[in-house]
Every structure is written in C-alpha cells, then in structure tokens.
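>>> Provide a 3D model corresponding to the input given below.
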Amino acid sequence: MDKYEKKIINILQNEGRLSNVELAQNIGLSESPCLRKTKALEQLNIITGYKAVVDPKKLGCQISAVVLVNLHQSQENVSEFFKAVQNDTRVIECLVLTGAADLMLRVVARDIDDLAELTFSGLLRNPSVKDISSCVILKEIKSNAPIPVLL
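Residues are numbered from 1 along each chain as shown. Below you'll find the predicted structure:
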C-alpha cells in the first residue's frame, strides 16, 4: 500500500462524502490516479462501504447499552439465536468474544421499558442463552473512530 492509498483511507474514514476532486486535492494527487486508487481499494474490500453516522437519540433511541451474553455450550440452535440477533434492529453490533462472556451486543432502545422487553421477551427467551449482563451506556467518550492504517 503506497502513501496515497493510506491517505485516501484516512481521509475517507473521517470525510466519506468528499468528491474525488476534493480527495485528490487533499492527498496531493491528480484526479484520475486518485479515482483509480480509491476504486482499487474498494475492489480489494479494504474500503467496504460508506454510510452516514447518525445520532441515535434524535431517532428516538434514548438508551444505549452493552449486553454480555453467555450461551449454553451444548445448544444446537445457536444459529437461531444469531438469526434473531441479525433480525432485531435494536441490536446494532454483535461480537464473538474470548474471556468471561461469549458475545457482546451493542443495543439501542427507545427507553428503559424497551430495553427490558428486548432483555426479557427477546434475549432471555432464547433457549441458547445461558445468562446475560447489561450495562447502560451513560456517556460515550470515543465512538466511530477511524481504523488506524498500520501497513
């Protein structure tokens, strides 16, 4: 990866709506090579997409939480749990972990009642779930940070 590709990645992570002209000016490269490099990064799946970052509270999600989930190790229908997680729009992230918990879910909810409904009527009703532990997020110090280019 050359210095221009690294610059493209760094800039687009922070300013994904830049036009190719603006991007080329910012990295000190002419427009055609800049566009070729950006397209190549997309084709290699180094750049996997572009999206808007939104404020959950302005969309009615007043509660954000981290939910740690432990699964029954002998349970055959874990895939059903994963499908349910994929289909619940309140679950915005799901990570498989090492350590004390099997999974970490990042969830948003309208209010505490909605979070309770997700917990008791959703997650804990699934036979794959052994137990959960929830932490309501009081304040975000750092989120949506760009991935460092270490290559």
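>>> now the helix or strand of the chain with the lowest mean pLDDT, how far from the chain's geometric center?
Lowest mean confidence among the helices and strands of the chain (mean pLDDT, DSSP states H and E): helix 78-87, at a mean of 92. Relative to its chain's centre, helix 78-87 lies at 17 Å (C-alpha atoms, centre = their mean, to the nearest Å).
>>> Domain boundaries for this protein, per the record?
The record's domain parsing of the chain by automatic domain parsing lists 3-43, 56-136.
>>> circling back: give the other helices and strands that the least confident helix or strand of the chain contacts.
Contacts defined by 3 or more C-beta pairs under 8 Å, 6 or more residues apart in numbering; DSSP states H and E place helix 78-87 against strand 91-96. Backbone N, C-alpha and C define where each C-beta goes, glycine included.
>>> rerun at 10 Å
strand 63-71, strand 91-96, strand 103-109, strand 129-136 (3 or more C-beta pairs under 10 Å, 6 or more residues apart in numbering; DSSP states H and E).
>>> What ranges in this protein fall below the confidence cut-off?
Along the chain, segments meeting pLDDT under 70 span 75.
>>> Find the centremost residue of it, please.
By C-alpha atoms, centre = their mean, the mean C-alpha position of the chain lies nearest to E93, the distance being 5.2 Å.
>>> Grab the nearest non-local neighbour of that residue.
Distances taken as C-beta to C-beta, 6 or more residues apart in numbering place R106 nearest to E93, at 3.8 Å, with adjacent residues excluded.
>>> if I pick the residue sitting furthest away from the middle of the chain, what's in contact with it?
Centroid-distance maximum for the chain: S30 at 32.7 Å, with C-alpha atoms, centre = their mean. By C-beta atoms under 10 Å, 6 or more residues apart in numbering, the contact set of S30 is A24.
>>> Could you tell me the phi and psi values at it?
Main-chain torsions, S30, degrees, to the nearest 10: phi -70, psi 160.
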